[in-house]
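Undergrad: make a model of this:
(one chain, ligands or ions: 1)
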Amino acid sequence: MIHRWHILGAGAIGRLFACKLQHLGLAPVLVLREGARGDTIITRRWDEREESIPVTTVGVEALEPGEITGLLVTTKVNHAVAAVEACLPALAEGAPVILLHNGMGVLEELRRNHPTLSLYAGTTTDGAYRDGEVLVHAGLGETDIGGGEVPDWFAPFESGEERVRWCEDIDAALWKKLLINCAINPLTALHRCRNGALLDNPALRAEVELLCEELAAVSAARGNARGAGCALDWALGVIQRTADNQSSMLQDVLNGRETEIRYITGYLVSEAERLGVPVPRNAALLRQLDSPIPSH
Ligand code: KPL
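TA: Residues are numbered from 1 along each chain as shown. Alright, predicted model coming up:
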């Protein structure tokens, strides 16, 4: 099968991957909520350089049956299941679907509800945000995709300079990212601070340590020894490297959007319940953030 990749989710990460796939010669199609088939130019800025990348777009209603032969899902996690389901009539049989979002739980839900889908998962440390019409590629990161043996369709992803690689143990990579997000995102959203404040402010740093003790305990109960031993080091390392960032959850709160807390801390807390591990600190953050926060 020749794979014409469609990207679901036209936010910063979706646009960034549209640029990456265009660079890899994969001629991606960006799926929008509505609109006829057309073309757009994405202006990507990084390192004070700008480039204009032409990308085809199509509204979800205008997709032809069977047109999607590869789907990369970059929506906010809260919308991922509904967004994939809206594309099902256009998805060719056997087309790979790669989930690239924060948090966990969507893969399980899609597997349960659509057992014939060919699902893969990924995680990225690329940082991007939109500044008006310009896509700012703020942090050059790496993307891991996995889910079993390396499939044939993956070869072009590794062929360029876009730092996309196949990950043998994607479950461990997703769990690691979940722990990091659990330790950073809720606290920054609640205290409305940049990531670096979690190191600079002693009270917040103490909170990170307590959260990580719980994250380590859940990892151990899950049989994930690396998570049990490294949760705090991973979190502190990312806080240091992204000190000036506003976490995605803080950005959601500041922009009055629903946060991804249910798929981040919520997933962690339900795993902890399943395994009988007490996680009072994480559970308290879930309660505090799982309702709209009034802006001030
Ligand atoms: O993934 C992130 C996020 O903000 O969602 C981190 C790594 C915490 C960077 O801000």
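
Undergrad: okay, now Leu140: neighbour count?
TA: By other CB atoms under 10 Å, 12 other residues sit near Leu140. For every residue, glycine as well, the C-beta is placed using N, CA and C.

Undergrad: OK, contacts around it?
TA: By CB atoms under 8 Å, 6 or more residues apart in numbering, the contact set of Leu140 is 46, 126, 163.

Undergrad: likewise Glu213?
TA: Leu232.

Undergrad: in the helix or strand that contains it, which residues are buried?
TA: Using DSSP states H and E, Glu213 falls within helix 202-221. Across helix 202-221, burial judged by 16 or more other CB atoms under 10 Å covers 204, 207-208, 211-212, 214-220.

Undergrad: could you chop the chain up by domain?
TA: According to automatic domain parsing, the chain comprises the domains 6-168, 171-289.

Undergrad: how long is the shortest one end to end?
TA: End-to-end distance of domain 171-289: 26 Å, with CA to CA, to the nearest Å as the criterion.

Undergrad: pLDDT on that domain, on average?
TA: Mean per-residue pLDDT for domain 171-289: 96.

Undergrad: which of the contacts of Leu140 has the largest number of neighbours?
TA: Asp126 (20 neighbours).

Undergrad: so who does that one touch?
TA: Asp126 makes contact with 13, 16, 137, 139-143, according to CB under 8 Å, 6+ apart.

Undergrad: of the residues you listed, closest to Ala86?
TA: Nearest to Ala86 out of these is Ile13 (CB to CB; 18.7 Å).

Undergrad: now for whichever helix or strand that closest one is part of, which elements pack on it?
TA: Using DSSP H and E, Ile13 maps to helix 12-23. Packing partners of helix 12-23 (3 or more CB pairs under 8 Å, 6 or more residues apart in numbering; DSSP states H and E): strand 5-8, strand 29-32, strand 38-46, strand 49-59, strand 70-73, strand 127-131, strand 134-139.

Undergrad: check what contacts that helix and list those residues.
TA: Outside helix 12-23, the residues that touch it by CB under 8 Å, 6+ apart are 5, 7-8, 27-28, 30, 42, 44, 51, 53-55, 72, 74-75, 100, 124, 126, 128-130, 135-137, 160-162, 164.
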